[in-house]
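Undergrad: Here is a sequence together with a model predicted from it:
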Amino acid sequence: MRRAVLALVAQGLAIEEAPASGIHGIGRVCRIRARKVYRALGAGEFFRRRRITSRDVLMRRLLSLDYVLEHPRLPWLPTEAEKVDAFEALGIEHRVLPQRTYRGAAGNIRRHFHLGLPLALDAERAVFVYVDPGHESATALRAWGAAHRELWGMLRDRGRKIEVVAVGRAWEETSRADTVLGNWARDPRPSDYNAEIGREIKWIEHVLRSGDVSLIREVCGDVRGGLVRLVELRNRARRQSGRGLLHRVSAWQTERLLGRLF
């Protein structure tokens, strides 16, 4: 790895520089700055991200790379276009995807998955990675989850299992994220969603438990119809509350960026 970095630097394709202020113990950072390298890799969209703009951005990118390197077998979707195309193929509209509009002299540009965090998707599951660059609270994590809530609901409806991993450099970050994710994974409480949904769930459950054939036929059509309606209502409750949408949650702490030099 070190030889590759030196070769890139020697050819003027990359530079080595000190990390952003406030980041200690990780040595120097190699930044590839030649457009032709990005083109050769089929990752032209990353050229605009070659500049290191802040401490948080640098740590988010390094931690994202670290997690992907540790999990090479996952079907990662590296670029914004690949992510958008993958969900579009599932019939999920662009409006559902997390997005941000950037305003500039050339006009407004809308970016989907604008944080550039790792995301993997296959026929069975979707893996969303949240990276905490060193925040002192879970506010950013909760905002990220809220932006993904509707997408998670649609993926669940399409039979995908949803896994969320929180990545951090310090124990404080991963422990805090683990608590928040655990709350998201639990089934919703009645107070978390529309009261009307709760009343209908209780009524259908009562009808099915009663065993009264005529009542079941009147309310549900048949037992199967009642069970299908319960699934629909419970999924709607999950989408409203943001709870119970996730099949697996975990927190992952880096080893490479714990103070060791590259």
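TA: Great, that's in hand.

Undergrad: contacts, neighbours, all on C-alpha from now
TA: Will do.

Undergrad: Need the outlier residue of this protein, farthest from its centre.
TA: Ser214 (46.5 Å; CA atoms, centre = their mean).

Undergrad: What helices and strands are in contact with the strand or helix carrying that residue?
TA: Element membership for Ser214 (DSSP states H and E) is helix 213-220. Helix 213-220 sits against helix 195-210, helix 223-241, with contacts defined as 3 or more CA pairs under 8 Å, 6 or more residues apart in numbering; DSSP states H and E.

Undergrad: thinking in terms of the whole chain, how far from its middle is the shortest one?
TA: If I follow you right, that is helix 195-210. From the chain centre to the centre of helix 195-210 is a distance of 33 Å (CA atoms, centre = their mean, to the nearest Å).

Undergrad: Pull out the buried positions in that helix.
TA: Ile197, Gly198, Ile201, Ile204, Val207, Leu208 (16 or more other CA atoms under 10 Å).

Undergrad: Quick check: closest non-adjacent residue to the fifth one.
TA: In space, Val207 comes closest to Ile216 once its chain neighbours are excluded; the distance is 6.0 Å by CA to CA, 6 or more residues apart in numbering.

Undergrad: Trp171: which of the buried residues of helix 195-210 is nearest?
TA: Here the nearest of the buried residues of helix 195-210 to Trp171, counting by CA to CA, is Gly198; it sits at 38.2 Å.

Undergrad: Distance of the closest one relative to Leu230?
TA: 10 Å (CA to CA, to the nearest Å).

Undergrad: what does Val9 give?
TA: 61 Å.

Undergrad: Export the buried residues of helix 195-210 as CSV, with columns for distance to Leu97 and pLDDT.
TA: Formatted as CSV, these follow (distance: CA to CA, whole Å; pLDDT from 0 to 100):
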residue, distance to Leu97, pLDDT
Ile197, 26, 77
Gly198, 28, 80
Ile201, 29, 84
Ile204, 33, 88
Val207, 38, 88
Leu208, 37, 88
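
Undergrad: Which two of those have the greatest separation?
TA: Ile197 and Leu208 (16.7 Å).

Undergrad: Show me the shaky parts of the protein.
TA: 1, 15, 18-27, 41-53, 187-193, 240-243, 259-262 (pLDDT under 70).

Undergrad: contacting residues for the residue nearest the centre of the chain?
TA: The centre of the chain sits closest to Phe128, judged by CA atoms, centre = their mean, with a distance of 3.2 Å. Neighbouring residues of Phe128 by CA atoms under 8 Å, 6 or more residues apart in numbering: Leu117, Pro118, Leu119, Ala120, Ile162, Glu163, Val164, Val165.

Undergrad: Arg169 now?
TA: Arg169 touches Leu63, Asp132, Pro133, Gly134, Gln253, Thr254, Glu255, Leu257, Leu258, counting by CA under 8 Å, 6+ apart.

Undergrad: same thing but 10 Å
TA: Applying CA atoms under 10 Å, 6 or more residues apart in numbering, one finds that Arg169 lies in contact with 59-60, 63, 131-134, 252-259.

Undergrad: picking up where we left off before, and which of the contacts of Phe128 is nearest Arg239?
TA: Nearest to Arg239 among the contacts of Phe128, counting by CA to CA, is Ile162 at 13.2 Å.

Undergrad: That concludes my questions; thank you for your assistance.
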